[in-house]
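Asker: model this:
(one chain, ligands or ions: 1)
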Amino acid sequence: MSSITAAITAVGAYVPEYRLTNAILETIVDTNDEWITTRTGIKERRILKDPDKGTSYMAIKAAEDLLRKRKLDPAEIDLVLVGTATPDMPVAATAVYVASEIGAVNAFAFDLQAACSNFLYGMSTAASFVASGKYKKVLLIGADKMSSIIDYTDRTTCIIFGDGAGAVLFEPNAEGYGLQDEYLRSDGKGREFLKIEAGGSLMPASVETVENKLHYVRQDGKSVFKFAVSNMAEVSALVMERNGLTHEDVDWLVPHQANRRIIDATANRMDLEASKVMMNIEKYGNTTSATLPLLLHDYEKQLKKGDNLIFAAFGGGFTWGAIYLTWAYDTN
Ligand code: UT7
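Answerer: Here you go, the predicted model:
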């Protein structure tokens, strides 16, 4: 086993200014604030309104925020990873464009696609590159313009998703902080329950697919909910147990923000009090690849060196898992 641990050493984020509130959604589809709040915990989402801007715009902003805070020369970055379910284009990876735009001239870059588990899987990937000893600075970005794949006449999806981006830097850590353990899972049976049917190689885009709105994301919410609740809770508890962590040892749960009820179920299974559960779903909704780094950004000032964090996610595919990471720095 490698003796190099890979730690998060900086965080950056970006969300668009426009707020799509529950009150506005009430004027678009047959829904209401009370239903959305009690069923999901969401009050508003951010939407990237500019029609000529894609996911890369937000990814670049998040990366630039990180570079500024960390006073990092982008030429030092070895690898840029972008987790996204909404790349700028199907071919020509968004990460490659982002790396060039931020001045990461010495980096190579590629995208990751595992739906709402993008950032979690990305953490594993970034940490592995660092732990290999070959790469010293890996920039991991989670970014999604979910509004580009939402049918705003479908009340079962349009109330859930929002746009945003977050970024972290992984670097080797000499004190042993950083990623300690991971348990990542997937099950292809899940793709029937959450998907965009057309636009891929199985069903290329055509006039017919567009007329039938098959280029939008659809989900069987109830089924996804059932799988998400049991699986996210199970892997989080497993990672705690096999690392000998009790609820007292865990300082923070960093859960994917898909539904407040899924987060509560995971925290209950871990026997964690609410004050240890990071939550910002009310402000951003489900931003898919950006939920975990947006949480780190919002809670960064409360994190202390040595804190034990459990990250957990569940998403389309199905994909899910949990990661145990120790925090490597105090903010100021
Ligand atoms: O991050 C990727 C993974 N995705 C997830 O984790 C999402 C998991 N699923 C969920 O979060 C939930 O299933 C939803 C929030 C999508 C839906 O909540 P639910 O409690 O499962 O509702 P439901 O689909 O069972 O629908 C209950 C009722 C239905 O009406 P009837 O048949 O009982 O009369 C729906 O038609 O609520 C109705 N409904 C709505 N009513 C008002 C569905 N959407 C809405 C809406 N506003 N937006």
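Asker: can you classify the residue positioned nearest the centre of the chain as helix, strand or coil?
Answerer: The chain has Ser289 as the residue nearest its centroid, 3.0 Å off, counting by CA atoms, centre = their mean. Per DSSP: H, G, I helix; E, B strand; the rest coil, the secondary structure class of Ser289 is helix.
Asker: residues contacting it?
Answerer: Gly83, Thr84, Ala85, Cys116, Asn118, Phe119, Gly122, Gly142, Ala143, Asp144 (CB atoms under 8 Å, 6 or more residues apart in numbering). To be clear about C-beta, it is placed using only N, CA and C from the backbone, and glycine gets the same treatment.
Asker: tell me the pLDDT of it.
Answerer: In this model, Ser289 is scored at 98, pLDDT.
Asker: tell me where the model's unsure across the chain.
Answerer: Along the chain, the model assigns pLDDT under 70 to residues 1-2.
Asker: okay, now the domains of it?
Answerer: Domain assignment for the chain by automatic domain parsing gives 5-176, 179-326.
Asker: follow-up on the earlier one: so which of the contacts of Ser289 also contact the ligand?
Answerer: Cys116 (CB under 6 Å from any ligand atom).
Asker: tell me which of the contacts of Ser289 is nearest to Tyr14?
Answerer: Ala143 (8.3 Å; CB to CB).
Asker: got the CA coordinates for the helix or strand containing that closest one in PDB?
Answerer: Using DSSP states H and E, Ala143 maps to strand 138-145. Taking Å, rounded to 0.1, in the frame of the first residue of the first chain, the C-alpha atoms of strand 138-145 are listed here in PDB:
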ATOM      1  CA  VAL A 138      -4.900  17.300  -9.100                       C
ATOM      2  CA  LEU A 139      -7.800  19.800  -9.500                       C
ATOM      3  CA  LEU A 140     -11.200  18.100  -9.200                       C
ATOM      4  CA  ILE A 141     -14.300  20.100 -10.300                       C
ATOM      5  CA  GLY A 142     -17.900  19.000 -10.100                       C
ATOM      6  CA  ALA A 143     -20.200  21.100 -12.300                       C
ATOM      7  CA  ASP A 144     -23.600  20.800 -13.900                       C
ATOM      8  CA  LYS A 145     -26.000  23.000 -15.800                       C
END
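Asker: contacts only, for the residue of the chain at minimum distance from the ligand.
Answerer: Residue nearest to the ligand within the chain: Gly221 (2.9 Å; CB to the nearest ligand atom). Applying CB under 8 Å, 6+ apart, we find Gly221 in contact with Thr156.
Asker: returning to what we had before: return the member of the contacts of Ser289 nearest to Gln257.
Answerer: Of the contacts of Ser289, the one sitting nearest to Gln257 (CB to CB) turns out to be Cys116, at 9.2 Å.
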